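Give me coordinates for this.
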Amino acid sequence: MTDILDIEEYLKVLFQSLTLPELKTICKELEIKGYSKYKKVDLVDFVINSMSDEERKIILAQKELEIIAKEINSGIQIIRGFGQEKIDEIRIRPKNGTTIEVLFKGFNWETESYLELSQDTLQNPERDCDCRVGSENGLCPHFWINVIIAIKKEIISINDWSFTKLPDNFHPQIQNLTIPKLD
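Numbering: from 1, shown residues only. The predicted structure is shown next:
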């Protein structure tokens, strides 16, 4: 977990990646009452505010890598061309550090994802995405595609990454991955 975000903020970032049923499962596990009336966007705050500091630490330890791995795997599937969307365009340019913008296209829609990296922002990179998860500041598959691009283009190294934990199999997963529109 990053040192820049406190545990509550970091859990909010992670929980944005969960589905409504996954959030409700956490409520059931923690025996949190009164959650059924909330929509997802409000349920994230309700769950976090309902947990004690100790419960937050436990949930983070139990769920962090699981949530991150799920989104990374979804991003890798998009890169490999599986699913409903494809990478349409990649733009990499200097700004305050290095900015990566990726345009994704589906059947009749498009999504744009943005990530700005510098040595100063590796603990909490500036990011944005048009998708539901990314627009709520969550770590969507598009975010992870940008991170993978940054590593593949040697803008950052895996060893420099400090915003989140990474699954043990992350490097082997991306090592031979070919990114369309980039390679």
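
for the helix or strand containing Glu112, which positions count as buried?
Per DSSP states H and E: Glu112 is located in strand 110-117. The neighbour-count check on strand 110-117 (16 or more other C-beta atoms under 10 Å) flags Thr111, Glu112, Ser113, Tyr114, Leu115, Glu116, Leu117 as buried. No exception for glycine: its C-beta is placed from N, CA and C like everyone else's.

avg pLDDT for it?
Here strand 110-117 scores 94 as its mean pLDDT.

Paired strands for it, with orientation please.
Counting by DSSP bridges, the strands paired with strand 110-117 are strand 98-105 (antiparallel), strand 126-129 (antiparallel).

Mean neighbour count added to these, as TSV?
Below are the strands paired with strand 110-117 laid out as TSV (neighbours: other C-beta atoms under 10 Å):
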stretch	mean neighbour count
strand 98-105	19
strand 126-129	19
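
and of those strands, who's closest to Glu29?
Proximity to Glu29 (C-beta to C-beta) singles out strand 126-129 among the strands paired with strand 110-117, at 28.5 Å.

Using PDB, write out the CA atom coordinates for stretch 44-56.
Extracted C-alpha coordinates of stretch 44-56, given in PDB (Å, rounded to 0.1, in the frame of the first residue of the first chain):
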ATOM      1  CA  VAL A  44     -18.200   1.700  -0.900                       C
ATOM      2  CA  ASP A  45     -18.200   4.600   1.600                       C
ATOM      3  CA  PHE A  46     -20.700   2.900   3.900                       C
ATOM      4  CA  VAL A  47     -18.700  -0.300   4.100                       C
ATOM      5  CA  ILE A  48     -15.400   1.500   4.800                       C
ATOM      6  CA  ASN A  49     -17.100   3.800   7.400                       C
ATOM      7  CA  SER A  50     -18.700   0.800   9.100                       C
ATOM      8  CA  MET A  51     -15.400  -1.000   9.600                       C
ATOM      9  CA  SER A  52     -13.100  -0.500  12.600                       C
ATOM     10  CA  ASP A  53      -9.500   0.300  12.000                       C
ATOM     11  CA  GLU A  54      -8.600  -3.300  12.800                       C
ATOM     12  CA  GLU A  55     -11.200  -4.700  10.300                       C
ATOM     13  CA  ARG A  56      -9.800  -2.300   7.600                       C
END
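
Now do the buried residues in it.
For stretch 44-56, burial by neighbour count (16+ other C-beta under 10 Å) applies to Val44, Phe46, Val47, Ile48, Ser50, Met51, Glu55, Arg56.

and those residues, which two are the farthest apart?
Using C-beta to C-beta, the buried residues of stretch 44-56 span at most 14.9 Å, a distance reached by Val44 and Glu55.

Can you show me the helices along this structure?
Using DSSP state H, the helices of the chain run over residues 7-15, 20-29, 40-50, 53-79, 132-135, 141-152, 170-175.

Out of those helices, which one sits most buried?
Neighbour counts (mean count of other C-beta atoms under 10 Å) averaged over each of the helices of the chain peak at helix 141-152, with a mean of 24.
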